[in-house]
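# Below is the structure, and that's it, no one-letter string:
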């Protein structure tokens with residue numbers, strides 16, 4: 001079995017059996033976004049304690065790539081402190097599923113969950129920051145996501 005076959009199997013398995021799928025009723029922050037070109041629509045709920053993501057879940061609908069990447073992202077994120085979450089990059093997700101050379105038309109499917117996660121994180125941080133310089137830095141980070 002080739003690496004491509006293994007990655008294909010992982011994508012199919014994650015899309016059929018997503019990890020961390022569901023809602024967190026008492027979340028600290030939630031965020032939603034969609035990709036109208038593909039019909040993907042994802043919400044991410046975060047539970048944060050002591051500056052760490054103690055729980056993360058996603059729900060919505062999406063293509064196999066979107067669902068697989070959302071599952072992988074939640075696995076990567078859970079247990080990390082907020083600064084580590086800020087540093088998660090697209091290749092952290094894509095490389096887990098062998099999607100480093102994904103076609104441009106599918107990259108939005110793969111990265112929708114990362115966009116939603118970062119938006120949720122920035123929303124949470126903006127609500128908990130007192131320093132306007134830190135808020136401005138968050139805005140710069142958010143603007144450079146895509």
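Perfect, thanks for sending it. None of the values given here were measured: they were computed from a predicted structure. Residues are numbered from 1 along each chain as shown.
# Would you map the helices across this protein?
3-16, 64-77, 82-86, 90-94, 104-128, 132-143 (DSSP state H).
# Redo these as TSV? Include distance to residue 22 and mean neighbour count.
Every C-beta, even on glycine, is put in place using the N, C-alpha and C of the backbone. Shown next, in TSV, are the helices of the chain (distance: least, Cβ to Cβ, whole Å; neighbours: other Cβ atoms under 10 Å):
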stretch	distance to residue 22	mean neighbour count
helix 3-16	15	14
helix 64-77	10	24
helix 82-86	19	15
helix 90-94	20	17
helix 104-128	14	19
helix 132-143	26	12
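# nearest to residue 44, of those?
For residue 44, the closest of the helices of the chain is helix 104-128, at 4.7 Å, according to Cβ to Cβ.
# Report all helices and strands that that closest one contacts.
The contact analysis (3 or more Cβ pairs under 8 Å, 6 or more residues apart in numbering; DSSP states H and E) places helix 104-128 against strand 29-35, strand 40-49, strand 52-61, helix 64-77, helix 82-86, helix 90-94, helix 132-143.
# Can you lay out these as TSV showing mean pLDDT and distance to residue 121?
Shown next, in TSV, are the helices and strands packed on helix 104-128 (pLDDT from 0 to 100; distance: least, Cβ to Cβ, whole Å):
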stretch	mean pLDDT	distance to residue 121
strand 29-35	96	8
strand 40-49	98	7
strand 52-61	98	9
helix 64-77	97	9
helix 82-86	94	6
helix 90-94	94	14
helix 132-143	63	9
